[in-house]
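# no letters, just coordinates:
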């Protein structure tokens, strides 16, 4: 998560709790080890768009580490 949080603008990372949070497209996003919480999404499709984007960020972070 520390590497991923450095790739997301405005992201705050709490290493003790292993949680990061940020805002994207007006939605609050909290990422925990096994959970993603998205606040203020208009519907499930909009929330899944954020999840897909976040997956791309994770994949990019993994690719940079190899």
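Structure's in. What do you need? No experiment lies behind these values; they were computed from the predicted model shown.
# quick one: low-confidence ranges for the protein?
Where the chain drops to pLDDT under 70, the residues are 65-66.
# which parts of it are helices?
For the chain, helices defined by DSSP state H occupy the ranges 2-7, 44-64.
# and residue 14, how far from residue 41?
23 Å (C-beta to C-beta, to the nearest Å). Glycine gets a C-beta too; all of them are placed from N, C-alpha and C.
# and for residue 33?
Residue 33 is 21 Å from residue 41, by C-beta to C-beta.
# same thing with residue 62?
Distance from residue 62 to residue 41, by C-beta to C-beta: 26 Å.
# who has more neighbours out of these two?
A count of neighbours by other C-beta atoms under 10 Å puts residue 41 above the other of residue 62 and residue 41, at 18 against 11.
# on that earlier part again, now render the helices of the chain as a markdown table, adding distance to residue 19.
Below are the helices of the chain laid out as a markdown table (distance: least, C-beta to C-beta, whole Å):
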| stretch | distance to residue 19 |
| --- | --- |
| helix 2-7 | 10 |
| helix 44-64 | 14 |
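# nearest to residue 24, of those?
Within the helices of the chain, the stretch nearest residue 24 is helix 44-64; the backing value is 6.0 Å (C-beta to C-beta).
# which other helices and strands contact that closest one?
In terms of contacts (3 or more C-beta pairs under 8 Å, 6 or more residues apart in numbering; DSSP states H and E), helix 44-64 is packed against helix 2-7, strand 27-31, strand 36-39.
# just name the most buried of these.
Per-stretch averages of neighbours, counted by mean count of other C-beta atoms under 10 Å, single out strand 27-31 among these, with a mean of 18.
# and it, how far from the chain's centre?
Strand 27-31 sits 7 Å away from the centroid of its parent chain (C-alpha atoms, centre = their mean, to the nearest Å).
# next: stretch 16-36.
For stretch 16-36 - counting by C-alpha atoms, centre = their mean - the centre lies 5 Å from the chain centre.
# got it, and stretch 41-49?
The answer for stretch 41-49 is 14 Å, by C-alpha atoms, centre = their mean.
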